[in-house]
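Visitor: Quick one, structure for this:
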Amino acid sequence: MHIFSRFLLGDTVVHYVTEENDGPVGLRLLPTSMEKDIVPHRQDLSAMPEAKPFLNWGAYPVAAQVEPLVQVCVRYDKRAAGFTPGQSMRNTTTSGAFRLVGQTCDDSDKEVRICTELCAPNGLSAKHVLAWEKSTNFLSCHSELENTSLERITLEMVSSFTLGFITPFAETDASDRLSVHRFRSSWSSEGRHARQTLEELELERSWANHEQKCERFGQVGSNPVRRWFPFAAVEDSVAGVMWGVQLEASGSWQLELYRKDDFLHLSGGLADYETGHWFKHLEKGDYFVSPAAYIATVKGGLEDICGRLLAAQDETGREVPPSERDLPVVFNEWCTSWGKPAHDSLIRTAQAISSLGIKYLVIDAGWYAGKSGVWANSQGDWEASPMLFPQGLRKTCAEIRARGLIPGLWFEFEVAGETSSIWEKQDWFLTLDGGTLQAGTRRFFDFRQPEVRDYLRDRMTRLLLDCGIGYLKIDYNEPIGIGCDGAESPGEGLRQHLEEVKNFIASLRQTVPGLVIENSSSGGHRAEPSFISLTDMTAFSDSHETKEIPVIAANLNKLVSARKLQIWVVLHPIDDDKRLYYSLAASFLGRMCLSGEIAELSPHQHELVRGAAGYYRELIDIIVRGPGQRVENRNDNHRYPEGWQALLKTSADCSRLLVVFHAFAGTDRLPVQIKLPAGNWRLVSAFCDKSETPALVDGVLTFPDAREFSGAVALLQKE
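Guide: Next up is the predicted model:
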């Protein structure tokens, strides 16, 4: 293999490689500090006794080949041999036929942008675009395809990125040293970490480099974080290096761990024809741009690679609404009224929270309930209930603002419920194979239709502006499925529809200045980069008041920027202090979102909440810092957690340390010791029950009498 160009992008070095005799172009990333540690790689399998029969056929199998920089499958392409069809659409004739046309590097004050242009004999032109913003330590990557031929070309798979040559620090096939990190997800149990070796995934190289092995995984439909997060990282445990990727994935997506020879390769993008029912026609001159992928490499561990990829969620180039600059506390009344947000109860709540330093009071689902009072199937008309708001929603919002709060409102505007008057407008809804798409009591608006967008924009913006709504909670509670009619394929229909949904959300900001937008989809089903970057906060889960909240919130610190990660804290008058500390401490793992019967709390409970909100505001600059270091002795059960966990985060100058601690079942009255990072630390303050105040001795923070399901927050200062 031959390095034909090299770029130093911060602490990452990028190699573009080809075979010595031309051939496809490939990509290799590694930490700059590790470039000197690359080892010469074997040329073939001649040292393997079982490979000797290949001499009868002319030559030993080569040890490794360059993986094409852009992976595509064009209709009628010849598929790769080695039992590949049905498990991968990589390495087709078009992918292998791409040859380098040219490469440019634009280096501005803020960004380096490398464009590698390729072309195949069938007239398909590809541009691989790799970009680095100089203030960051991650890279963005996407592919641009153009049909330069006279005939139609039908794409059936397009990669957004390909990372090759993992690992360059082993001279053979790196057995027993490579692991894959992924995060599973299901409703109210998001972000479960899964680590598997290549051997456990059966991604070992075959003895003759014949079988093309692939672990292809992802999600199909409009809930992008379902089953898996669009994330993967590969660890070389001997070299101590990790490679990671996070996809922009608003709909169906896939990632592929692929191996035929000594090296592992990682690629991904839109779900392909086999997995996502996607294909795209390109006529002469037509163009297609893949979704972005964010990639990184680091000498370090999982927290380090996650920290780099998390930064991409904050680099939106979008001005933050003024009310979000100090990342204030939210109150959402969902767990107060459970779908009956009436005027009187909202004003009592506003009065109760007005002195707590809370900025937003969000009116959740049910405000639009019809005469029947049933709200769960009446989305679509978006008219405030005269029974819940006899003087009108505008009056309620005005009284909320009079108490120093910004009113917020819940919408699930992508769907219509079966009792809404808009339900029978059949031509406005998505169809599949000619039949209206429906899940439960919901139908799905087709956002590709201008009439739909105009209708919803009029209904929503008129209400938001008239009532002085400054906060919009966007919910989405059923997925579409494989896709819809109206394009070449169901998968392409889904992609087009979701792009228009995101454009619609962006347009709301232009219509309603200063609008704060929360991204919620039954909790965490849209916790992926494109929706996260488009909005100001992202719901962590629909786990409203369960005991696993601290576990889920700590999971998601690796996957969602903590400055946007909104965490439920549901308060009840029946809660004892231990329960209140447990619930409130969890919110220090992200953005504090209170709910529950706060107007009925006792004066003592009220003061405890006031203290938590004040302490949170003091520490917000540390809370939003990276994924942190998770220290734990805990079982794997989310629903019934046992043991304990602590998340440690340091300030930007490393002078302060935040510890968020939770004890679960089986820890009652047991001492828990947490070894702190190196340094001469002093315990400054703590938010916890007095009986559980921690002690610091010789760099070990001890909770001497940790009770089951208790929580604490501690701040330490480096001397």
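
Visitor: who's in contact with the residue nearest in space to the middle of the chain?
Guide: The centroid of the chain falls nearest to Glu528 when counting by Cα atoms, centre = their mean (2.9 Å). By Cβ atoms under 8 Å, 6 or more residues apart in numbering, Glu528 lies in contact with Pro224, Val225, Phe229, Pro230, Gln246, Leu247, Glu248, Ala249, Ser250. The way it works is simple: take the backbone N, C-alpha and C, and place the C-beta from them, glycine included.

Visitor: so which of these is the most crowded?
Guide: Ala249 (31 neighbours; other Cβ atoms under 10 Å).

Visitor: which residue packs closest to that one, ignoring adjacent ones?
Guide: Pro230 (4.1 Å; Cβ to Cβ, 6 or more residues apart in numbering).

Visitor: Hmm, Ser252 and the one you found touching each other?
Guide: No: the pair Pro230 and Ser252 does not pass the contact test of Cβ atoms under 8 Å, sitting 10.4 Å apart.

Visitor: any shared contact partners between those two?
Guide: Common neighbours of Pro230 and Ser252 (Cβ under 8 Å, 6+ apart) are Gly218, Gln219, Pro224.

Visitor: residues contacting the last one?
Guide: Going back to what we said before, that points to Pro224. Pro230, Ala249, Ser250, Gly251, Ser252, Trp253, His525, Arg526, Glu528, Phe531.

Visitor: How many neighbouring residues does the fourth one have?
Guide: By other Cβ under 10 Å, the residues close to Gly251 number 30.

Visitor: Is it in contact with Gly221, as I believe?
Guide: Yes: assessed by Cβ under 8 Å, Gly251 is found in contact with Gly221 at 7.0 Å.

Visitor: Quickly list what's touching both of those two.
Guide: Leu494.

Visitor: Glu618 and Gly628: what is the separation?
Guide: 18 Å (Cβ to Cβ, to the nearest Å).

Visitor: Where do the domain boundaries of this protein fall?
Guide: 2-313, 328-539, 629-718 (automatic domain parsing).

Visitor: Which of these sits closest to Leu608?
Guide: With distances scored as Cβ to Cβ, the stretch of the domains of the chain nearest to Leu608 is domain 629-718 (9.2 Å).

Visitor: Can you tell me which of the contacts of Pro224 is nearest Ala296?
Guide: Pro230 (14.6 Å).

Visitor: ok, that closest one to Ala293 distance?
Guide: Pro230 sits 9 Å away from Ala293, going by Cβ to Cβ.

Visitor: Show me the common contact partners of these two, please.
Guide: Counting by Cβ under 8 Å, 6+ apart, the residues touching both Pro230 and Ala293 are Gln246, Leu247, Glu248, Gly268.

Visitor: Is the second one in contact with Ser159, as I believe?
Guide: This points to Leu247. No: counting by Cβ under 8 Å, Leu247 stays clear of Ser159, with 10.6 Å between them.

Visitor: Common neighbours of those two, please.
Guide: With Cβ under 8 Å, 6+ apart, Leu247 and Ser159 have common neighbours Gly268, Gly269.

Visitor: quick one: buried residues of stretch 2-19?
Guide: Buried residues in stretch 2-19, defined by neighbour count with 16 or more other Cβ atoms under 10 Å: Phe7, Leu9, Thr12, Val13, Val14, His15, Tyr16, Val17, Thr18.

Visitor: Need the phi and psi values for the fifth one.
Guide: Its backbone dihedrals place Val14 at phi -120, psi 130, with angles given as degrees, to the nearest 10.

Visitor: ok, now which ones touch it?
Guide: Arg6, Phe7, Leu8, Leu27, Arg28, Leu29, Ile114, Leu130, Leu139.

Visitor: contacting residues around Tyr360?
Guide: Ser323, Pro328, Val329, Val330, Phe331, Leu405, Ile406, Pro407, Gly408, Gly470, Tyr471, Val516.

Visitor: Strands of the stretch 501-650 of the chain, residue ranges please.
Guide: For the stretch 501-650 of the chain, the strands defined by DSSP state E, counting those that start in this stretch cover 516-519, 537-539, 565-571, 591-596, 629-634, 643-650.

Visitor: Outside of the longest one itself, list whatever touches it.
Guide: So the one you mean is strand 643-650. 550-551, 554, 557, 589, 622-623, 625-626, 628-635, 656-667, 672, 674, 676-677, 706.

Visitor: what does the fifth one give?
Guide: In this structure, residues lying in contact with strand 629-634 by Cβ under 8 Å, 6+ apart are 303, 551, 554, 557, 641-649, 664, 672, 674-675, 677.

Visitor: ok so, going back, nearest to Asp344, of the strands of the stretch 501-650 of the chain?
Guide: So among the strands of the stretch 501-650 of the chain, strand 591-596 is nearest, using Cβ to Cβ, at 17.2 Å.

Visitor: Just checking: what are the partner strands of that closest one?
Guide: Partners of strand 591-596 in the sheet, by DSSP bridges, are strand 329-332 (parallel), strand 565-571 (parallel).

Visitor: Can you list the buried residues in stretch 255-263?
Guide: Leu255, Glu256, Leu257, Tyr258, Arg259, Lys260, Asp261, Asp262, Phe263.

Visitor: Grab the nearest non-local neighbour of Ser188.
Guide: Ser543 (4.4 Å).

Visitor: Count the residues that sit near that neighbour.
Guide: 22.

Visitor: Surely it and Trp187 touch.
Guide: No: between Ser543 and Trp187 there is no contact under Cβ under 8 Å: 9.0 Å.

Visitor: Tell me the residues that contact both of these two, please.
Guide: Shared contacts of Ser543 and Trp187, counting by Cβ under 8 Å, 6+ apart, come down to Gly523.

Visitor: And the pLDDT at Gly373?
Guide: pLDDT for Gly373: 76.

Visitor: If you could redo that for Glu19, that was the one I meant.
Guide: pLDDT, read off for Glu19, is 86.

Visitor: what's the nearest residue to it once chain neighbours are set aside sitting at in phi/psi?
Guide: Spatial nearest neighbour of Glu19, chain neighbours left out: Val66 (5.5 Å); criterion: Cβ to Cβ, 6+ apart. Backbone torsions for Val66, taken as degrees, to the nearest 10, come to phi -70, psi 130.

Visitor: Alright, I will stop here.
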